[in-house]
Each structure stands twice: as structure tokens, then as C-alpha cells.
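> Provided below are the primary sequence and the corresponding predicted coordinates.
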Amino acid sequence: MIAGTSRGLSRREALRRGTTLLSSGGNAEAAGDARFLLLGLLGLDARDLLLDGDRILDAQAGDTLDAAFARRLAGEPVARILGAWEFWGLPFRLAPETLVPRPDTETLVATALACAPDRAASLRCLDLGTGSGCILVALLSELPQASGLGLDRSQAALRIARHNAVANGVGGRAAFAAGDWCDALRGSFDLVVSNPPYIVRHVIQHLDRDVRLHDPHAALDGGPDGLDAYRRILDGVRDAALLAPGGRLLLEIGYDQAEAVQTLGRGAGYADLGLRRDLAGHDRVLTFGLPFGHTDA
């Protein structure tokens with residue numbers, strides 16, 4: 001452990017100190033984490049650090065950084081310490097009840113947008129298990145005439161999602177409601193999207209501590225085989241007739257779940273309209289449609 005404090009150091013010196021602290025604790029991303037924390041907590045951007053890196057930190061700023069470095073050393077993710085994270089180039093506030101948006105999930109947004117060749121259409125979007133609202137807000141930011149509904153079981157998550165929609169300029173086109181997947185839901189939607197819990201229950205205890213100790217278990221636990229939420233969604237969307245003619249249901253999946261979820265979808269009467277991989281080459285998003293109004297994805 002490195003003794004001392006960030007008080008009285010310059011911005012650059014504090015960054016070096018934070019990097020050394022985190023590195024000494026075995027953090028493989030020490031330099032990046034220290035930079036994210038310094039810039040995020042002090043309200044700076046890269047230009048401030050480049051042009052004004054010799055500015056001395058006051059006591060409050062130094063104490064804030066030291067507390068953040070200590071939390072990161074204890075295993076708390078950077079995004080949780082900051083209370084916010086970027087997704088699709090947009091800022092999102094987080095809460096303990098919401099997942100940290102991951103770059104992999106941007107594949108779901110990109111796939112949904114590919115299903116909407118006319119970006120100016122008045123599309124209706126549904127986001128099941130909306131969490132921070134990042135998927136729905138990202139879609140509405142790209143579809144200026146679209147409107148959307150985000151559902152979640154957590155009232156705390158819904159409050160955060162509402163804040164994020166307003167903060168990103170789509171609050172007037174986004175509604176949020178409490179719900180358990182599709183239960184009691186009515187409506188007709190052109191795009192139904194979901195990044196549901198899909199971790200096999202007994203695997204959760206073996207996940208990295210950043211996830212295991214800090215992500216909400218309800219957003220991870222996919223049941224004994226990881227497929228519980230997919231069954232609920234596939235059956236619920238079909239039974240409640242939530243897909244408009246020609247509508248698409250898009251599901252984020254785990255890297256090894258494509259075949260199992262495709263089988264569930266076909267068994268529930270859906271047409272399998274394709275698999276999309278993320279930037280790492282892993283299976284990530286499945287697209288389904290129902291027979292009425294069928295068109296190619």
C-alpha cells in the first residue's frame with residue numbers, strides 16, 4: 001500500500017499516485033481506472049488534464065479521490081463509484097438496482113436499428129427489464145419519431161430510467177412502468193427488446209467479484225438453466241399479441257445460449273430471423289418474428 005494522500009498534489013501527480021495504488025493492489029486496468037475516477041469525480045475532461053494538469057488539488061478533491069481509490073482497491077467497479085457510465089455515446093446514471101451498461105449490449109441497439117430502415121417512422125418500442133433505461137433511451141435517440149415503454153420490477157430502477165430519459169432529451173417520448181415481464185401488459189409494438197437475466201444460477205457465485213458483489217442478482221439470475229426469462233418473454237409477447245404485424249422481438253443472449261434460445265423461440269411459434277455477434281465475435285443477439293405480416297429482417 002502507498003502511504004500518503006492526494007491532498008496538495010497536482011492533478012497529474014494524483015493520477016500517478018492513483019495508478020500506483022491500484023496497480024499495487026493487483027488491478028490490471030490501474031491506469032485507466034485511475035484516470036476515469038479522477039476525471040469523473042473532479043468533473044474534468046482530457047483537455048483539462050493535458051492543459052492544466054499542474055493545478056493543485058484542494059483538500060476536498062484530494063479526499064474524494066483517496067476515498068474512490070480505496071473503494072476500487074476493495075473491488076467496487078469504477079462505474080459504481082462514479083454512479084454513472086456511458087452507453088451508445090450517452091451518459092447514464094446508475095443505481096444499485098441497475099446493471100452497468102456494457103459495450104456488448106450496444107449490439108442489441110444496433111440490431112434493433114437495422115430492423116428499422118426508416119429512422120423517421122413513428123415506431124413503438126418496448127424494453128422489457130429496462131434497468132437504467134439505456135437500451136430504450138439509445139433507441140429513441142436514434143429514432144426521432146419513435147416512442148417507447150420501459151418495464152421493470154424495480155421502482156428504484158424505473159426512477160433512474162426516467163431520469164436518464166429526461167437527461168438525454170427523450171423524456172417526452174418515453175414512459176416507464178412497473179411490471180413482471182409481460183404480465184398484464186397490453187399494446188402493439190414494432191420493436192420489443194430485452195437484455196434479460198441469463199446467468200445460470202449456480203454460476204453466479206463464481207463470477208468476478210466486480211459483478212458478483214455489486215451487480216443486482218435479480219438482473220443476473222436466469223434460473224437453474226439460465227433460460228427462465230426467455231421462456232417468460234417469448235410466451236408473454238406471443239400470448240399478449242404485443243408484436244405489431246412485421247414487428248421484431250430482439251433478445252440479448254449469453255455467448256453459449258444461441259441454440260437453446262432459438263429452440264425455445266421456434267417452439268413458441270416464432271420465426272428465427274437471425275443471430276448477430278458482438279465485436280468480440282461472441283453470439284449476442286437473436287431476432288424473432290411472428291408469422292403474421294412476415295418480412296425479411
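In hand now; what should we look at? Numbering: from 1, shown residues only.
> ok, and the helix or strand in this structure with the lowest average confidence?
Lowest mean confidence among the helices and strands of the chain (mean pLDDT, DSSP states H and E): helix 209-212, at a mean of 86.
> And that helix, how far out from the chain middle?
A distance of 15 Å separates the centroid of the chain from that of helix 209-212, by C-alpha atoms, centre = their mean, to the nearest Å.
> Starting from that helix, tell me the next helix or strand along the chain.
Elements were assigned by DSSP states H and E; along the chain past helix 209-212, the next helix or strand is helix 228-239.
> returning to that earlier point: so which elements touch the least confident helix or strand of the chain?
When contacts are defined as 3 or more C-beta pairs under 8 Å, 6 or more residues apart in numbering; DSSP states H and E, helix 209-212 sits against none of the other helices and strands. (Each C-beta comes from the backbone N, C-alpha and C, glycine too.)
> at 10 Å instead, please
Contacts defined by 3 or more C-beta pairs under 10 Å, 6 or more residues apart in numbering; DSSP states H and E place helix 209-212 against helix 78-82.
> and the helix or strand just after the helix it packs on, which strands flank it?
The element immediately downstream of helix 78-82 (helix or strand, assigned by DSSP H and E) is strand 84-87. Paired strands of strand 84-87, with direction, are strand 90-93 (antiparallel) (DSSP bridges).
> Enumerate the positions of the strand it pairs with that are buried.
Neighbour-count burial for strand 90-93 flags Leu90, Phe92, Arg93 (criterion: 16 or more other C-beta atoms under 10 Å).
> tell me the contacts of Leu57?
Under the criterion of C-beta atoms under 10 Å, 6 or more residues apart in numbering, the neighbours of Leu57 are 5-11, 13-14, 38, 42, 63-65.
> can you give me the helices for this protein?
Using DSSP state H, the helices of the chain run over residues 11-24, 30-42, 46-51, 59-73, 78-82, 106-114, 134-142, 155-167, 209-212, 228-239, 258-267.
> can you tell which of those is closest to Leu185?
For Leu185, the closest of these is helix 228-239, at 7.4 Å, according to C-beta to C-beta.
> Next, the angle from that closest one to helix 258-267.
30 degrees (axes from the mean of the first three to the mean of the last three C-alpha atoms, to 10 degrees).
> Output helix 228-239 as PDB, nothing but the C-alphas.
Output for helix 228-239, consisting of C-alpha atoms alone and laid out as PDB, is shown next (Å, rounded to 0.1, in the frame of the first residue of the first chain):
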ATOM      1  CA  ASP A 228     -36.300 -18.700 -17.300                       C
ATOM      2  CA  ALA A 229     -36.600 -15.100 -18.600                       C
ATOM      3  CA  TYR A 230     -36.600 -16.100 -22.200                       C
ATOM      4  CA  ARG A 231     -39.400 -18.500 -21.600                       C
ATOM      5  CA  ARG A 232     -41.500 -15.800 -19.900                       C
ATOM      6  CA  ILE A 233     -40.700 -13.200 -22.600                       C
ATOM      7  CA  LEU A 234     -41.300 -15.500 -25.600                       C
ATOM      8  CA  ASP A 235     -44.600 -16.800 -24.300                       C
ATOM      9  CA  GLY A 236     -45.700 -13.400 -22.900                       C
ATOM     10  CA  VAL A 237     -45.100 -11.400 -26.100                       C
ATOM     11  CA  ARG A 238     -46.900 -14.100 -28.200                       C
ATOM     12  CA  ASP A 239     -49.900 -14.600 -25.800                       C
END
